[in-house]
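Visitor: show me how the following folds:
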Amino acid sequence: MKNKRILYSLILFFCLISTFIGYKRYQQVNARPQLRGIKEERFFKRHELVYAPNVNFVVNSTKLVKSKTEVKVKIQLLLQQTGPAYYGIYYGKWTKDTDFSCNMFLNVPYVNNNAPSQILDSSNHSIILKIVRNPHFINTNRKYIVYFTVPRSLYKKREQKLRFSFLVPDKSYYLKYSLLLE
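Guide: Okay, the predicted model is just below:
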């Protein structure tokens with residue numbers, strides 16, 4: 001009889017301990033807000049100044065050149081960081097990555113998203129991440145030329161108009177700013 005009581009009390013003790021550990025783990029996992037991805041997509045027009053969280057930008061001109069093998073897109077934009085904007089997400093945490101080029105895409109809807117093939121500054125030099133990460137970068141207007149290339153075969157498969165998208169972080173999600181190119 002005494003052995004059964006000890007056995008039942010040990011089982012009850014282990015159940016209570018595992019419940020306590022499970023509860024603590026549940027709180028630990030759910031303590032941080034989850035990243036929700038893209039909250040909404042906002043369309044803008046060429047020459048329209050976009051006021052986004054911690055960054056203002058305007059697309060001055062766009063050029064689409066179609067050849068037999070590829071489609072090249074050239075976008076000239078003016079970008080002004082108005083505060084610290086951290087564009088990177090690394091394993092579910094916002095990182096202090098101020099490299100905005102990682103969040104620019106050429107969308108071929110329902111087919112493909114292309115990252116920039118090249119980004120030049122106003123003096124036609126490739127941008128260097130040290131310049132972008134410089135604290136003096138905030139509150140200065142910077143002109144950039146962004147180039148994208150898409151294979152012609154993917155371009156033909158599109159179901160909607162080609163668009164340039166810029167993902168801007170805001171709290172725990174992104175706002176997607178899109179410009180229709182066609």
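
Visitor: and the end-to-end length of stretch 46-55?
Guide: Terminal residues of stretch 46-55 lie 17 Å apart, using Cα to Cα, to the nearest Å.

Visitor: isn't Tyr147 up against Gln76?
Guide: No - using Cβ atoms under 8 Å, Tyr147 makes no contact with Gln76, being 10.5 Å away. Just so you know, the C-beta spots here come from the backbone N, C-alpha and C atoms, and that holds for glycine as well.

Visitor: any idea which helix is longest in the chain?
Guide: Under DSSP state H, the helix in the chain containing the largest number of residues is helix 2-29.

Visitor: for the nearest residue to Asn124 once chain neighbours are set aside, what is the enclosing helix or strand?
Guide: The shortest distance from Asn124 to any non-neighbouring residue, by Cβ to Cβ, 6 or more residues apart in numbering, is to Ile145 (7.6 Å). Assigned by DSSP states H and E, Ile145 falls within strand 141-151.

Visitor: distance from that strand to the middle of the chain?
Guide: 16 Å (Cα atoms, centre = their mean, to the nearest Å).

Visitor: over to stretch 68-76?
Guide: Distance of stretch 68-76 from its chain centroid, counting by Cα atoms, centre = their mean, is 22 Å.

Visitor: so which bits of that stretch are buried?
Guide: Neighbour counts using 16 or more other Cβ atoms under 10 Å place Val71, Val73, Ile75, Gln76 of stretch 68-76 among the buried residues.
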